[in-house]
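Novice: Fold the following for me, if possible:
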Amino acid sequence: MSDIKKLTDIIVKHCNDRDWSKFHNPKDLAISLQLEASEVLEHFQWKSEQEIKEHIKKHKKEIGEELADTLYWILLISYYLKIDMEKAFLTKMKKNEKKYPVKKAKGKHLKYTHYLK
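Specialist: Alright, predicted model coming up:
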């Protein structure tokens, strides 16, 4: 059993124990994911590069908790939509390898469309 499957099983049990599945439609799950992702952003908003470095040192645990919250919703959405996240991730990385060839993209931050030229 993959680690992703184990984590998903933990989340599904957590929700089922609380009878929350009746609230879990794709729209509300996606909204919850976005809200949690916004909480990650709050840690960095309006901070300079130096302030960010200091904030990370002081609040790494809290940032990790917010990232865990986003993972929670990603895995729950994938469960309900029957998406194999491990497969989806690996497939997407293969696409990214083609979109961002090492010889063209190394050390650059350009959008993939730039490398099509």
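
Novice: Neighbours of Glu54, how many?
Specialist: Glu54 has 11 neighbouring residues, counting by other Cβ atoms under 10 Å. Every residue, glycine included, has its C-beta placed from N, CA and C.

Novice: Quickly list the domain ranges of the protein.
Specialist: Per the record, the chain has its domains at 1-83, 84-117, by automatic domain parsing.

Novice: Out of the ones you listed, which gets the lowest mean score?
Specialist: Mean pLDDT values for these show the minimum at domain 84-117, a mean of 90.

Novice: Okay, buried residues for it please.
Specialist: Going by neighbour count (16 or more other Cβ atoms under 10 Å), the buried part of domain 84-117 is 85, 100, 105.

Novice: what about it, distance to the chain center?
Specialist: Computed by Cα atoms, centre = their mean, to the nearest Å, the chain-centroid distance of domain 84-117 equals 17 Å.

Novice: Torsion angles phi and psi at Ser48?
Specialist: Dihedral angles of Ser48 (phi, psi; degrees, to the nearest 10) stand at phi -70, psi 170.

Novice: Distance check, it against Leu90.
Specialist: 37 Å (Cβ to Cβ, to the nearest Å).

Novice: Same check on Asp28?
Specialist: For Asp28, the distance to Leu90 - Cβ to Cβ - is 28 Å.

Novice: Show residues contacting the helix or strand harbouring Ala37.
Specialist: Using DSSP states H and E, Ala37 sits within helix 26-42. By Cβ atoms under 8 Å, 6 or more residues apart in numbering, the surrounding residues in contact with helix 26-42 are 63, 66-67, 69-70, 72-74, 76-77, 80-81.

Novice: Save those as JSON lines, and put in secondary structure, distance to Ser2 and neighbour count too.
Specialist: What follows is these, written out as JSON lines (DSSP: H, G, I helix; E, B strand; the rest coil; distance: Cβ to Cβ, whole Å; neighbours: other Cβ atoms under 10 Å):
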{"residue": "Ile63", "secondary structure": "helix", "distance to Ser2": "25", "neighbour count": "17"}
{"residue": "Glu66", "secondary structure": "helix", "distance to Ser2": "24", "neighbour count": "18"}
{"residue": "Leu67", "secondary structure": "helix", "distance to Ser2": "19", "neighbour count": "15"}
{"residue": "Asp69", "secondary structure": "helix", "distance to Ser2": "21", "neighbour count": "17"}
{"residue": "Thr70", "secondary structure": "helix", "distance to Ser2": "19", "neighbour count": "18"}
{"residue": "Tyr72", "secondary structure": "helix", "distance to Ser2": "17", "neighbour count": "19"}
{"residue": "Trp73", "secondary structure": "helix", "distance to Ser2": "19", "neighbour count": "19"}
{"residue": "Ile74", "secondary structure": "helix", "distance to Ser2": "15", "neighbour count": "20"}
{"residue": "Leu76", "secondary structure": "helix", "distance to Ser2": "16", "neighbour count": "21"}
{"residue": "Ile77", "secondary structure": "helix", "distance to Ser2": "17", "neighbour count": "17"}
{"residue": "Tyr80", "secondary structure": "helix", "distance to Ser2": "18", "neighbour count": "13"}
{"residue": "Leu81", "secondary structure": "coil", "distance to Ser2": "17", "neighbour count": "9"}
